[in-house]
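1. Just the structure for this:
(chains A and B, ligands or ions: 1)
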Amino acid sequence: MDANEIIERRACISGIGQSDIARRLNRDPLELTLDACLAAIDDAGLKVEDIDGLSTYPGLGGPVGFSGAGAVSVHDALRLELDWYDSGIETSGQLGSVIKACLAVAAGLASHVLCFRSVWEGSAQGEKGRSAVMPGGDGRGASRAPSGFMEWTLPFSAPSAAIWVSMFAKRHFHLYGTTREQLAQIAINARANAAHNPKAIYTEPMTLDDYFAARMISEPFCLFDCDVPCDGATAFVISRIERAADLRHPPIRVEAVGTALHGRPSWDQFDDLSTMGTRDAGAHLWRRTDLKPSDVDLAELYDGFSFLTLSWLEGLGLCPVGESGPFVEDGKRIARDGVLPLNTNGGQLSGGRLHGYGYLHEAVVQLRGDGGARQIAKSNPQVAIAAAGGGNTCGCMLLTRE
Amino acid sequence: MSRAEVPFRLLPELGGSSHFFWTSGERGELMFLHCQDCGCWIHPPQPICPRDHSKNLKPDVVSGRALVHTFTINHQPWMPGPELPYVVAIVTIEEDPSVRLMTNLVNVEPGDVEIGMPVRAVFEYHADEDGDVWIPLFEPDPERS
Ligand SMILES: [Zn+2]
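-> Okay, the predicted model is just below:
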């Protein structure tokens, strides 16, 4: 193996699948997970017995609803016979699990790796919303704060990433003059695209007035700057490129991935809170390809909070550092008929918090030209970026169509 | 701060390497781990200095002076805690601006908080059968305003 080889190019996305998606389905999350997995395998034109690898994020654990199934559950339910498997949360964002699958097929450890991400946060939180799964949310004096990062947040009543990321946004506003009107465009654009996604959670149109009328969560974030918890699962089949030639769809090539994190892996000690880890992952991706940001036809960028999309625009060099606010300002550039269509399925803000995998799914849909009513205006898109995570955990993938 | 004004807080565990941090407020002092060989301030506490890998570390008192690096006014009732809205901030300590603390700002109108504002540590006492805790909060510093 040539040490300079961009090894991820030996991998491709051969199949994609999604379960039903809704605010609350109240169904067995493993069932949703398997629905997505079987859909992806079928979409690739493969059979379950062809799958010889398995990868997922985050595995079991975390708050209730955060993970619908671990690797073992899917491995056993489908009676897979695996040559390689992996699961875990300490990786380059949610897509780190897909990137690891690319490396596994490139290295010859497996030929067709099934990847999945499954959530049931909507049902888990029920009518009480996110506070239902927060530490201490079930009553006073319940326990002490755990050690680790939460030791430094919970005593200050700062249990949510909404609070941490709102402070990144505030810092960006301070340094660059970014405004809530600009931030609103991320939410408004997502909602406009969600109207054409049959699986999206929120589809009614949103105006700037609607945005400013929403209740404040943690300034500058209002409700519409925060993604919507849901139930649903997304899956992919990652195949070694020479094994994908005869499959159902033309393969979507992996041109380059970005996995770097050079700053401290911390939500508050990272050197530049206005950029966070998108800076390192984005730069890493462009060091691994001759393509340029100007070659990108569409971008599916994490919007767990609206500001994280601005952060990815800058981290990936799709606009200069500090200029993401003006870049999205009137929404025209990022619309489906703009120069850089963004979050074309409604993202997580309106499409639902599928947690990272939804962006990659939509990038493949658009590159295949299967977007239907939400297909971007430019014909024959060739290059797409999918990026997931934010804060101190970021990963991104540059995709091309054969 | 009178007892009646002290809000519920999920208190930290005191059994680990950060015990000094949560209890030095009894003396009105803010402390951070400090490399005795190279002078590096280390936060959160860890067994070795990140700069020279020395294990010759001990907590030392800092001035308690800090600057507001960024902040948010939180309106959402995530968990029992201070009266809404409350200010969560990340402050940088005077001795080393790369050392940050997430904290709450108190004794200030939320609308008056600005990035760059000089602040100083104050401590909120929590008596607890598992060990008393002094939570370091920050307020505007009248000597540097
Ligand atoms: Zn040292």
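
2. quick one: strands adjacent to whichever strand or helix holds B:Glu124?
-> For B:Glu124, the element it lies in under DSSP states H and E is strand B:118-126. With DSSP bridges as the test, strand B:118-126 is paired with strand B:65-74 (antiparallel), strand B:133-140 (antiparallel).

3. Specify the local secondary structure of A:Arg117.
-> What DSSP: H, G, I helix; E, B strand; the rest coil gives for A:Arg117 is strand.

4. Is it correct that A:Ala377 falls within a helix?
-> No - under three-state DSSP, A:Ala377 sits outside any helix and is assigned coil.

5. Relative to B:Asp112, how far out is it?
-> Noted for A:Ala377: a distance of 47 Å to B:Asp112, by CB to CB, to the nearest Å. Every residue, glycine included, has its C-beta placed from N, CA and C.

6. Setting the sequence-adjacent residues aside, check what's closest to A:Tyr57.
-> A:Ser97 (3.9 Å; CB to CB, 6 or more residues apart in numbering or on different chains).

7. secondary structure class for the one you found?
-> helix.

8. and it, how many neighbours?
-> Around A:Ser97 there are 30 other residues, counting by other CB atoms under 10 Å in any protein chain shown.

9. And for the closest residue to chain A within chain B, nearest residue in space, chain neighbours not counted?
-> Minimum separation of chain B from chain A (CB to the nearest CB) falls at B:Gly81, amounting to 3.3 Å. Using CB to CB, 6+ apart and skipping the chain neighbours, the partner closest in space to B:Gly81 is A:Ser157 (3.3 Å).

10. Which residues lie in contact with the one you found in this structure?
-> B:Pro7, B:Arg9, B:Leu10, B:Asn74, B:Trp78, B:Met79, B:Gly81, B:Pro82, B:Tyr86, B:Val88, B:Asn104 (CB atoms under 8 Å, 6 or more residues apart in numbering or on different chains).

11. From B:Pro80, how far out is it?
-> 8 Å.

12. interface residues of the stretch 151-300 of chain A facing chain B?
-> A:151-160, A:162-164, A:166-168, A:170-171, A:174, A:215-221, A:268-269, A:271, A:273 (CB under 8 Å from any CB of the partner chain).

13. Report the buried members of those.
-> With burial judged by 16 or more other CB atoms under 10 Å in any protein chain shown, the buried subset of these is A:151-160, A:162-164, A:166-168, A:170-171, A:174, A:216-221, A:268-269, A:273.

14. Of the residues you listed, which belong to strands?
-> Counting by DSSP state E, the part of those found in strands is A:Met216, A:Ile217, A:Ser218, A:Phe221.

15. re earlier: contacts only, for the residue of chain B closest to chain A.
-> A:Ser157, B:Pro7, B:Phe8, B:Arg9.

16. ok, which pair from the residues you listed is furthest apart?
-> The most widely separated members of these are A:Ser157 and B:Phe8, with 8.6 Å between them, by CB to CB.

17. what about A:Ala373, how many residues close to it?
-> A:Ala373 has 10 nearby residues by other CB under 10 Å.

18. and it, what does it touch?
-> Taking CB under 8 Å, 6+ apart, we find A:Ala373 in contact with A:His196.

19. cutoff 10 Å now
-> A:Asn193, A:Ala195, A:His196, A:Asn197, A:Pro198, A:Arg336 (CB atoms under 10 Å, 6 or more residues apart in numbering or on different chains).

20. Buried only: go through those residues for me.
-> Applying 16+ other CB under 10 Å to those flags A:Asn193, A:Ala195, A:His196, A:Asn197, A:Arg336 as buried.

21. Thanks again, I'm all set now.
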